[in-house]
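Colleague: Quick one: sequence and predicted model below, then my questions.
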Amino acid sequence: MERIETERLVLRNFREVDGPALYTYLHDPRASCFFSLKVADQNAAAAEAIKRSVNDEYIAVCLKDTGQLIGDLFAMPEEDTVSVGWNFNLHFAGQGYAFEAAKALFAFLFSVREARRLYAYAEDHNIASQRLCQKLGMRLEGTFIEFISFAKDAQGQPIYENTLQYALLRREWLEAVDNGPELTHIQPG
């Protein structure tokens with residue numbers, strides 16, 4: 001993946017050294033959709049960082065001034081459509097980093113990779129992700145009732161969650177007033 005820089009962030013491929021920072025937010029994921037990515041210890045986090053370093057689906061989001069990993073994005077292509085999402089360290093919430101990173105990723109996917117459509121899922125109780133989707137210009141396409149289970153109750157029965165799907169077409173992104181990519185630099189990976 002190409003290295004992408006914004007005003008405050010660098011988006012890049014994962015590296016083996018990202019294991020400890022990845023552990024800080026994957027040892028106890030906030031969003032239930034990331035429960036399957038939970039890592040038990042530093043060794044598991046190191047293995048996950050190595051696994052992520054060999055493909056472009058997971059993108060490390062780092063502070064530009066320190067290089068510290070603060071979260072990640074994912075972009076999983078399906079022909080001309082891309083499934084996107086984000087997972088950030090709680091200690092960096094509320095500072096606009098997720099929006100800045102996702103907006104840069106959207107600009108890259110639409111302008112460089114020429115994606116036709118991006119879509120994201122958010123659980124009905126994950127208000128922060130829903131707000132981010134809306135702020136990015138995505139429209140709510142629908143709600144899947146009892147769509148998926150990421151956890152089980154005390155009796156071992158699946159807990160099904162309602163999932164919202166948001167999407168954005170390239171033409172909608174191009175028509176938007178504030179769609180500037182705000183990328184300071186894109187460097188081939």
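Modeller: Noted; the coordinates are in hand.
Colleague: Average pLDDT for the longest helix along the chain, rounded please.
Modeller: For the chain, the helix that runs over the most residues, judged by DSSP state H, is helix 97-111. Summarised as a single mean, pLDDT over helix 97-111 is 96.
Colleague: who touches it?
Modeller: Contact with helix 97-111 is made by 2, 4, 6-9, 11, 59, 61, 70-71, 73, 75, 82, 84, 86, 88, 115, 118, 132, 135-136, 168, 170, 173-174, 179-183, 186, as judged by CB atoms under 8 Å, 6 or more residues apart in numbering. Backbone N, C-alpha and C define where each C-beta goes, glycine included.
Colleague: Recalculate using a threshold of 7 Å.
Modeller: Around helix 97-111, the neighbours that count as contacts under CB atoms under 7 Å, 6 or more residues apart in numbering are 4, 6, 8-9, 11, 59, 61, 70-71, 73, 75, 82, 84, 86, 88, 115, 118, 132, 135-136, 170, 173, 181-183, 186.
Colleague: Please pick out the residue of this structure most distant from its centre.
Modeller: Centroid-distance maximum for the chain: Q155 at 32.0 Å, with CA atoms, centre = their mean.
Colleague: Would you mind measuring from it to E123?
Modeller: Relative to E123, Q155 is positioned 21 Å away (CB to CB, to the nearest Å).
Colleague: returning to that earlier point: buried ones among the contacts of helix 97-111?
Modeller: Neighbour counting over the contacts of helix 97-111 (16 or more other CB atoms under 10 Å) leaves 4, 6, 9, 11, 59, 61, 70-71, 73, 75, 82, 84, 86, 88, 115, 118, 132, 136, 170, 173, 181, 183, 186 as the buried ones.
Colleague: What strands line up against the longest strand seen in the chain, and which way round?
Modeller: Counting by DSSP state E, the longest strand found in the chain is strand 139-152. On the basis of DSSP bridges, the sheet neighbours of strand 139-152 come out as strand 158-169 (antiparallel).
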